[in-house]
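In: 3D, please:
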Amino acid sequence: MVQNLNKDIKFGKNAEKIVKPILENIFGELNNGSTYDNFDFNNDKYYVEHKQRNVPFGKYNGLFFDLVKYNRYLKLKSENENLRFFIVWSCNNGRYIWEFTEDEIQFDRFTQTRDRGRGVCDTKMINVFNSHIKPLNEFLLEN
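Out: Here you go, the predicted model:
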């Protein structure tokens, strides 16, 4: 089971190495977070999470991530309202981006049961609806 978790971490870290230069073209120089940080990259203006998904965008009604990351966004945003937060998904058919928001029409919450190497547990998740996710190659950072 721990082997599965280590495999997932290695997979994610390799994907981060590939996507970091692409993200830096948009957000400027980014610092890497540690393995267990809620966001993979940050600088003084932006926090960016990256997720590698082995599905094509559009196969499901949205793309998801752990609620703990959303909760961290809420905390950091309350401490500095000028920060901006993004998640980028690398899917089989491209990269896609969503800016975190408190507008709950853009997402729903659900609980996923999974085993990530620490035993079976329930994880609270955010599912962002496809209609609110943009292709990364069409994304323009508005100041």
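In: Near residue 55, how many other residues are there?
Out: By the criterion of other Cβ atoms under 10 Å, residue 55 has 12 neighbours. Where you see a C-beta, it was placed from the backbone N, CA and C, and this is true even at glycine.
In: contacting residues for it?
Out: 91-92 (Cβ atoms under 8 Å, 6 or more residues apart in numbering).
In: Go ahead and confirm residue 51 touches residue 91.
Out: No. In this structure, residue 51 is not within contact of residue 91 by Cβ atoms under 8 Å, at 9.1 Å.
In: what is in contact with these two at once?
Out: Counting by Cβ under 8 Å, 6+ apart, the shared contacts of residue 51 and residue 91 are residue 63.
In: partner residues bridging the nearest residue to residue 67 once chain neighbours are set aside?
Out: Spatial nearest neighbour of residue 67, excluding adjacent residues (Cβ to Cβ, 6 or more residues apart in numbering): residue 124 at 3.9 Å. Counting by DSSP bridges, residue 124 forms beta bridges with residue 111.
In: pretty sure residue 124 contacts residue 109?
Out: Yes. Using Cβ under 8 Å, residue 124 is in contact with residue 109, at 6.6 Å.
In: How about the contacts made by residue 84?
Out: Residue 84 neighbours (Cβ under 8 Å, 6+ apart): 45-47, 99-100.
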